[in-house]
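*Asks:* Fold the following, please.
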Amino acid sequence: MGKKSFKGFLKRKGIEISVKRYLIDAMSYMALGLFASLLIGTIFETVADKTGFAWLLTAASYAKQAAGPAMAVAIGAALNAPPLVLFSLCAVGVGSNDLGGPLGTLLAVIVAAELGKAVYKETKVDILVTPCVTILSGILISTLIGPGISYVMNKFGELIVKTTELQPFFMGILVSVLVGIALTLPISSAAICYTFGLVGLAGGAATAGCCAQMIGFAVMSFRENRWAGLVAQGLGTSMLQMGNIVRKPVIWLPPTIASAITGPIATCVFKLKIADSMAIASGMGTCGLVGPIGLIAADGFGSAWDWIGLILVCIVLPAALTLAISELFRKLNIIKYGDLKLEL
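*Replies:* Below is the predicted model of the structure:
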């Protein structure tokens, strides 16, 4: 098969080999799969613990068990997998999540989905060939690389968590700023936090950074975007500002500076932690209030001091700090009216 014919084959099969497709689109969809299974299940579990509504525990258990298949189908959808490939990915998701965790699942499902797409409708026994190729290739990749990837990612995540406990001030700044930036970029901060298992104080710092970006952009752009922008960014995503950031990067400074301040406040002053079972919440911020829910679900949370810290770190300080810095920038003519305008 010549180079031209091979490119034509890939195009015909909808196989696009690119960083955007595999690391941005696929990871973002994987996060949606996690939201619809593991995350919502954990929220059900938290509500059940607080209310005593036992039936929710049953729903939580089933939802959390679906994490592997949900991630796999979500990734397959991002890659535009045809129905037979998409359904076959359920089995890949079960095995890859068990063997390699979220990153192992991402890699195994990408390979399985693309190979499944390559053989789809290429034979007269497609009903057998496509599921066999998709499932076996995915499980083979999971078996070969999954345990190693899982071990490395877990150890790296543990290192971040432990380092944050030992150096809460400096790591509070670093984790808060980096995860906050990831939240606003067109990648999935939630999937990243889940992959590394950012819980405890590290999760608290990550949450602070994400809240600073979302609440910060919502408040500092209020004069341009009014209430629709406040809700879209404050409860939705600060990613909406990426187009404006590309045009004028300086607008990213106020919420990022705010995250550098709220991160160590979360770790050193209020010692806010994300529950061990809700690492994904570390990268959510105020999106659907998932970040605060992750803090509330942590063992020992519940004192008046805890609630004060949550409200200050997640809402009040991000709003006040970002607004103060952005207003200074406006007075210095660094940021101008319209720089933060969204088409809502």
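*Asks:* Would you confirm that residue 317 contacts residue 266?
*Replies:* No. Using Cβ atoms under 8 Å, residue 317 is not in contact with residue 266, being 9.4 Å away. Where C-beta positions appear, they are placed from N, C-alpha and C, glycine not excepted.
*Asks:* Those two - which one has more neighbours?
*Replies:* Set side by side, residue 317 and residue 266 show more neighbours around residue 266, with 32 against 23, by other Cβ atoms under 10 Å.
*Asks:* Helices of the stretch 1-150 of the chain, residue ranges please.
*Replies:* 3-13, 19, 26-34, 40-51, 55-65, 67-78, 83-119, 126-166 (DSSP state H, counting those that start in this stretch).
*Asks:* burial count for the closest residue to residue 105 other than its chain neighbours?
*Replies:* Nearest residue to residue 105 in three dimensions, chain neighbours excluded: residue 96, at 4.2 Å (Cβ to Cβ, 6 or more residues apart in numbering). Residues near residue 96, counting by other Cβ under 10 Å, number 33.
*Asks:* Same check on residue 54?
*Replies:* For residue 54, using other Cβ under 10 Å, the count is 8.
*Asks:* That one contacts residue 48, correct?
*Replies:* Yes. Between residue 54 and residue 48 there is a contact under Cβ under 8 Å: 6.4 Å.
*Asks:* And the spatially most central residue of the chain, how far from residue 326?
*Replies:* Centroid check for the chain by Cα atoms, centre = their mean gives residue 190 as the closest residue, at 1.7 Å. In this view, residue 190 and residue 326 are 26 Å apart by Cβ to Cβ, to the nearest Å.
*Asks:* picking that back up, joint contacts of residue 317 and residue 266?
*Replies:* Counting by Cβ atoms under 8 Å, 6 or more residues apart in numbering, residue 317 and residue 266 have no common neighbour.
*Asks:* Quick check: pLDDT value at the residue of the chain most remote from its centre.
*Replies:* Each residue of the chain has a distance to the centre, and by Cα atoms, centre = their mean the biggest one is for residue 124: 40.6 Å. pLDDT for residue 124: 90.
*Asks:* mind checking how far it is from residue 81?
*Replies:* Taking Cβ to Cβ as the measure, residue 124 and residue 81 are separated by 21 Å.
*Asks:* Then residue 74?
*Replies:* For residue 74, the distance to residue 81 (Cβ to Cβ) stands at 11 Å.
*Asks:* and what of residue 102?
*Replies:* With Cβ to Cβ as the criterion, residue 102 and residue 81 are 19 Å apart.
*Asks:* which of the two has more neighbours?
*Replies:* Taking neighbours as other Cβ under 10 Å, residue 102 and residue 81 compare with residue 102 leading, 29 against 25.
*Asks:* now the nearest residue to residue 33 once chain neighbours are set aside: how far from residue 179?
*Replies:* Nearest non-adjacent residue to residue 33, counting by Cβ to Cβ, 6+ apart: residue 74, 3.2 Å away. In this view, residue 74 and residue 179 are 21 Å apart by Cβ to Cβ.
*Asks:* more crowded one of these two?
*Replies:* residue 179 (29 against 25).
*Asks:* May I have the secondary structure class of the more buried one?
*Replies:* Assigned with DSSP: H, G, I helix; E, B strand; the rest coil, residue 179 falls in the helix class.
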